[in-house]
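Novice: everything below, folded, please.
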Amino acid sequence: MPKLFYFAFPGRAEVARLAFHIGNVDFEDVRIDGPSWPGQKSKFPFGQVPVLQLDDGRMLAQSGAIDRYVAKLTGLYPEDPVQAAFADQAVFLLQDMWEALLTPSWSLPLEEKVKARQEALAGKGGDKLKALDKLVEPVQQSGWLAGGEQLSFGDLEVFVTLTNLTSGMFEGIPKDLLKDYPALKAFRNRVAALPAIKAYYDKDGEGLRAAFKPDA
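Specialist: All right, here's what the predicted structure looks like:
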């Protein structure tokens, strides 16, 4: 079976983990602990994780490539090219939001990091959140981002990104951030309440994963 290598926390491997679970596809969830990482780093493409080791032993890196591959494997990547494009549209907007909110502050000291993220929320990062809120508003009650009634990896990407963002993992980003974005809050809770996803976090919902439960 395929092996997914990543750290124990949700992060960049969580969409693939959820897709495997929703699609009932067996895989080995290899969770790397921090102390052992330096000794393992060189065996992975680009010296980073997540990495998915395929059935034939080849290793696939980059979370975007992994997520799309697993989504296709599990029926979560739309076959219709227009629907696939709308799922990807949501994912690329998430990337813009992430870049605006977090990337410029990665290497800053803590106090400066918090200040930079608060400024980003008041500026370009907040603008991207508003755009995402507007994108999900028409489908927060029914239907999904790719169009139609079928959940796609795009919906999972929005759910995971928003939950990672508000899980307490990132200094300067408040846990109650979504109170100012009602459509995003409703959409995140709707995905969290799906039976397969709720069952996943009922079983594995400690630590940061507690934030992935409905109404967390």
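Novice: pretty sure residue 88 contacts residue 154?
Specialist: Yes. The pair residue 88 / residue 154 is scored as a contact, 6.9 Å apart, by C-beta atoms under 8 Å. C-beta here means a position set from N, CA and C on the backbone, and glycine is covered the same way.
Novice: center of this protein - which residue?
Specialist: The centre of the chain sits closest to residue 160, judged by C-alpha atoms, centre = their mean, with a distance of 3.2 Å.
Novice: give me the next element, helix or strand, following whichever helix in the chain runs longest.
Specialist: When the chain is parsed with DSSP state H, its longest helix is helix 81-101. Heading C-terminal from helix 81-101, the first helix or strand you meet, by DSSP states H and E, is helix 110-122.
Novice: mind listing the strands for the protein?
Specialist: In the chain, the strands defined using DSSP state E lie at 3-7, 28-32, 51-53, 59-61.
Novice: winner for burial among the ones you listed?
Specialist: strand 51-53 (a mean of 21; mean count of other C-beta atoms under 10 Å).
Novice: neighbour count: residue 88 and residue 154, which is higher?
Specialist: residue 154 (29 against 20; other C-beta atoms under 10 Å).
Novice: which residues in this protein form helices?
Specialist: Going by DSSP H, the chain shows helices at 14-22, 37-40, 63-73, 81-101, 110-122, 124-136, 153-165, 182-192, 195-203.
Novice: TSV please, covering the ones you listed and showing distance to residue 209 and mean pLDDT.
Specialist: Listed next are the helices of the chain as TSV, based on distance: least, C-beta to C-beta, whole Å; pLDDT from 0 to 100:
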stretch	distance to residue 209	mean pLDDT
helix 14-22	9	98
helix 37-40	20	94
helix 63-73	18	97
helix 81-101	20	96
helix 110-122	23	96
helix 124-136	22	97
helix 153-165	9	98
helix 182-192	11	96
helix 195-203	6	96
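Novice: shouldn't residue 129 be in contact with residue 181?
Specialist: Yes. Between residue 129 and residue 181 there is a contact at 5.7 Å, judged by C-beta under 8 Å.
Novice: out of these two, which sits in the busier spot?
Specialist: More crowded of residue 129 and residue 181, by other C-beta under 10 Å: residue 129, with 23 against 20.
Novice: appreciated, that's everything.
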